[in-house]
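Participant: What follows is a predicted structure for the sequence shown.
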Amino acid sequence: QKEVEQNSGPLSVPEGAIASLNCTYSDRGSQSFFWYRQYSGKSPELIMFIYSNGDKEDGRFTAQLNKASQYVSLLIRDSQPSDSATYLCAVPTGNQFYFGTGTSLTVIP
Amino acid sequence: DAGVTQSPTHLIKTRGQQVTLRCSPKSGHDTVSWYQQALGQGPQFIFQYYEEEERQRGNFPDRFSGHQFPNYSSELNVNALLLGDSALYLCASSPVGFRETQYFGPGTRLLVL
């Protein structure tokens, strides 16, 4: 079992819709969870992070964490074509970060 | 304020050669981590440097080594290059006291022929 798993997609949503990206992790002791966005040919860009159970909102982005289910998700409201990218979930264990393989999102105008 | 910088941007080597990649962290950052990202995959952790010491190492062979300098900049060295070492090499730096929050540089794309 991989430390961090994501549905690789691709996920397509129409412009203005809500995109939902999911991630599961294996280490029950994990305390923090990170979402990165990576445009094709570019490096990952930190979007947001979450430490506590529940929701954390930042603009059009909402991270949701359920530690009991070992599940973290990212919601993107009012999706824009510029949101088309690969979204990476990352979970640190000690000083080591584990990344998922990423979910490719396409927002259709 | 410059972000994380890496050099070179692209590199072509042949099997068996050695390569050195360089990274300068963002101002105010003291921790540097290195990742290898193959096409279509997520970044794979190579190692992390803090206070000029390797603090954590991922599942990479000893051919991969690194160094951190007093100004927090870092180098990644790969010896005896294999075709499978072709990838995007990413450096990420973290601010003082927030080691889990990582900001990536633009990466070095290495092609081994």
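Facilitator: That came through, no problem.
Participant: now the most centrally placed residue in chain B: how far from residue B:68?
Facilitator: By CA atoms, centre = their mean, the mean C-alpha position of chain B lies nearest to residue B:34, the distance being 3.2 Å. Residue B:34 is 10 Å from residue B:68, where distance means CB to CB, to the nearest Å. C-beta coordinates here come from the backbone N, C-alpha and C atoms, glycine included.
Participant: and the residue nearest to the centre of chain B, that one's in a strand?
Facilitator: Yes: with DSSP: H, G, I helix; E, B strand; the rest coil as the criterion, residue B:34 is located in a strand.
Participant: residues touching it, list them.
Facilitator: Taking CB atoms under 8 Å, 6 or more residues apart in numbering or on different chains as the contact definition, residue B:34 lies against B:23, B:45, B:46, B:47, B:48, B:66, B:74, B:76, B:89, B:90, B:91, B:92.
Participant: where in chain B is pLDDT low?
Facilitator: Applying pLDDT under 70 to chain B picks out residues B:1.
Participant: Distance check, the residue nearest to the centre of chain B against residue A:50.
Facilitator: Going from residue B:34 to residue A:50 by CB to CB gives 25 Å.
Participant: Also residue A:17?
Facilitator: Spatial separation of residue A:17 from residue A:50 under the definition CB to CB is 22 Å.
Participant: Please identify which of those two sits among more neighbours.
Facilitator: In terms of neighbours (other CB atoms under 10 Å in any protein chain shown), residue A:50 is the more surrounded of residue A:17 and residue A:50; the figures are 20 against 14.
Participant: what does chain B put close to chain A?
Facilitator: Applying CB under 8 Å from any CB of the partner chain, one finds that chain B approaches chain A through B:33, B:35, B:40-45, B:48, B:50, B:55-56, B:58, B:88, B:90, B:99-107.
Participant: Cross the residues you listed against strands and list the overlap.
Facilitator: With strands identified by DSSP state E, the entries of those that belong to them are B:33, B:35, B:44, B:45, B:48, B:50, B:55, B:56, B:88, B:90, B:103, B:104.
Participant: ok, the third one - how many residues close by?
Facilitator: Using other CB under 10 Å, residue B:44 has 18 other residues around it.
Participant: Quick check: it touching residue A:97?
Facilitator: No: under the contact definition of CB atoms under 8 Å, residue B:44 does not touch residue A:97, with a separation of 9.6 Å.
Participant: Give me the common contacts of those two.
Facilitator: Counting by CB under 8 Å, 6+ apart, the shared contacts of residue B:44 and residue A:97 are residue B:35.
Participant: ok, of the ones in strands among the residues of chain B next to chain A, which come out buried?
Facilitator: Burial of these was assessed by neighbour count (16 or more other CB atoms under 10 Å in any protein chain shown); the buried members are B:33, B:35, B:44, B:45, B:48, B:50, B:55, B:56, B:88, B:90, B:103, B:104.
Participant: Please give me every residue in contact with residue A:32.
Facilitator: Contacts were defined as CB under 8 Å, 6+ apart; by that measure residue A:32 touches A:49, A:50, A:51, A:91, A:92, B:100.
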